[in-house]
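>>> Starting from these lines, generate the structure:
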Amino acid sequence: MDPPPLSVPRAADGFRAYAPEVDERVLEVFARAEDPGDWRQLHALWLGRVASEAGQAEAATPEAELWRQSRSRRSATADEVLSGPSTVTFIKELFNTFFRDDLYGRHRPVAKVILSGGAVDERAFGLSEVLKAALSFSLDQDWYGYSDSRGRLACREAVARLENQRLGLTVYDEANVALTLGGTFSVNALADFILGSRRATLAPALAAIPNYPPLVQAVARRAPVSLAAVPCRDGVVSLRPLIDQLRPETPLVLLQTVNNPTGGAVDEDELAELIRKASPQTMILLDECHECVGELPWRSPLRASANVVRIASVSKSWAAPGFKAGWIVGDAAVIAEYYEFASTTYGGPPSLLYLFIEVMARLERWLLEGLDCPGPSEFMEFEPHLGLTPSRLETAYSVYRGDRRGAEAGLLALRDVSVGLMQDLGAEVMVPRFSVNAAVRFPGWRDSYVCYRDILAQTGVSFLPGILTFCFSGAIMRMTTARTAPDLRDAADRLAGLRFPQPAAV
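Residues are numbered from 1 along each chain as shown. Got it, this is the predicted structure:
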């Protein structure tokens, strides 16, 4: 049987701009809370309203009744939401509810195609065989003992050279690098390291939104946080709201250089302005983990400033979200001080991964340099005890280059297919410049969590509600495009019958 016709026409060119400003539905939740400083009340009210709007079965629940019995108690403002003491925890707990209790809890039997994961499907885009061989060699050599808390020296040197190449400057060496347990861990560790036990005396930290709730919550646990809603237009994220809120006493700024979920990259000139304006005591954390799937433009050399720490992970770029491996790059004095923190709190990263990261960093740098074939100087970068030969290194590099180029081409193709699929359904898509995610807007819905529930109930396809990335306005959804081709075909078939709400029902 042919699917029923769509209730709205095909979207033309998607939407070109989005700003996560606070809309009236968010304000209404804060206005109805007896104590808007209590995240539990905000959490319960939000889910209660979702239940009251998401169908007859949900409407009969105690959660929905809580919403129906509530009433407006005050006038709430956007500033109250963006700088309130409970906002970050409220969103993080909503994030927990979605993954723990909702999508992978009671609704897991309904979810047939999951487009909300946020990472590359490792089954389709797994590690290069060269990197697997490095892991196997390390296991054979029993290389999983204690080590320097910042990581092995040769591995850190390889990462430093890669980061020099990425930035286009020779500014880093091994003293500027510490290996870590991935992006989320790095932000959590850095927040603890920088803010420590000084919470009571700190001015608010700043976090740009949209953002990933675990990262913002990591900062909010140690200091009050003000959220800066940064708009994205035509793939460029303006940092003007963040710059305007920056103060000399600001202790920390958290910023994703590629926005999640829009896939837009920060305006590098404005990033340079932010760094110049910040006082030497203000630490700027640049989460660079979404700088993948697309050729990034010029990066400001001010990313290497003394009060900037850059964060990288193998989760997105190398399709290894469960490896929990990455690194931080910063001023040598900061990294030296971080050594004490690392040795005290977690000891150090898994030493089994050192050769894996070293091989990846060296081969990746050669790709960025445009190297066709490694020669004697490249061969000398590896230590003799590894047993490499020039011919084996040439073969390894050829395989790695093919794997990386194939993965990049495949991910770009899937992203294009995913965007086209959504547009054919009548949805609007902000076409991403980078990353494996895209922002989607389905006509007829005003609330992203209600939109998620309705689409899941109708089709068995899940998207991530934008509210879980601090998108405080509209029914913005995040779609992860880096799934398998069969998943996308299945999603297309299921979504073909999606019925959009009529205006009178909103």
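
>>> Report the residue spans of the stretch 401-506 of the chain with pLDDT below the cut-off.
Where the stretch 401-506 of the chain drops to pLDDT under 70, the residues are 502-506.

>>> Please enumerate the helices of it.
Assigned by DSSP state H, counting those that start in this stretch, the helices in the stretch 401-506 of the chain fall at 448-459, 485-495.

>>> Could you name the helices and strands sitting against the shortest one?
Using 3 or more CB pairs under 8 Å, 6 or more residues apart in numbering; DSSP states H and E as the contact criterion, the elements in contact with helix 485-495 are strand 113-114, helix 390-424, helix 448-459, strand 461-462. The C-beta positions use only the backbone N, C-alpha and C, and glycine is treated the same way.

>>> Single out the most deeply packed of those.
A comparison of the helices and strands packed on helix 485-495 by mean neighbour count, using mean count of other CB atoms under 10 Å, puts strand 461-462 on top with a mean of 26.

>>> ok now that strand, how far from the chain's centre?
20 Å (CA atoms, centre = their mean, to the nearest Å).

>>> ok, now stretch 390-401?
Distance of stretch 390-401 from its chain centroid, counting by CA atoms, centre = their mean, is 32 Å.

>>> before we move on, what about stretch 187-200?
With CA atoms, centre = their mean, you get 20 Å for stretch 187-200.

>>> Could you do stretch 185-205 as well?
20 Å.

>>> per-residue confidence averaged over it?
Averaging pLDDT along stretch 185-205 gives 85.

>>> hmm, who's touching that stretch?
By CB atoms under 8 Å, 6 or more residues apart in numbering, the surrounding residues in contact with stretch 185-205 are 83, 180, 214-215, 218-226, 247, 249-254, 283, 285, 287, 309, 311, 313, 324, 326-328, 337-338, 341-342, 345-346.

>>> How much space separates the nearest residue to residue 476 once chain neighbours are set aside from residue 140?
Once flanking residues are discounted, residue 476 sits nearest to residue 466: 3.3 Å by CB to CB, 6 or more residues apart in numbering. Residue 466 sits 46 Å away from residue 140, going by CB to CB, to the nearest Å.

>>> These two: who's more crowded?
residue 466 (28 against 8; other CB atoms under 10 Å).

>>> Dihedrals phi and psi, residue 263?
Note on residue 263: its backbone torsions stand at phi 80, psi 10 [degrees, to the nearest 10].

>>> burial of residue 145, as a residue count?
7.

>>> what's the residue nearest to it when sequence neighbours are not counted in contact with, if anything?
Leaving out its chain neighbours, the residue that sits closest to residue 145 by CB to CB, 6+ apart is residue 351, at 6.1 Å. Residues near residue 351 by CB under 8 Å, 6+ apart: 143-147, 152.

>>> Give me the buried entries from the residues you listed.
143, 147, 152 (16 or more other CB atoms under 10 Å).

>>> So which of the residues you listed is the closest to residue 74?
residue 147 (55.1 Å; CB to CB).

>>> give me the element the closest one is part of.
Using DSSP states H and E, residue 147 falls within no helix or strand.

>>> wait, doesn't it sit right on residue 354?
Yes. With contact defined as CB atoms under 8 Å, residue 147 reaches residue 354; the gap is 7.2 Å.

>>> quick revisit: let's have the helices and strands packed on helix 485-495 in CSV, adding distance to residue 202.
What follows is the helices and strands packed on helix 485-495, written out as CSV (distance: least, CB to CB, whole Å):
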stretch, distance to residue 202
strand 113-114, 39
helix 390-424, 40
helix 448-459, 32
strand 461-462, 38
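
>>> Compare the ones you listed and report which one is nearest to residue 89.
helix 448-459 (17.0 Å).

>>> Which neighbouring elements make contact with the closest one?
Taking 3+ CB pairs under 8 Å, 6+ apart as the contact cut, helix 448-459 packs with helix 39-53, strand 461-462, strand 464-465, strand 476-480, helix 485-495.
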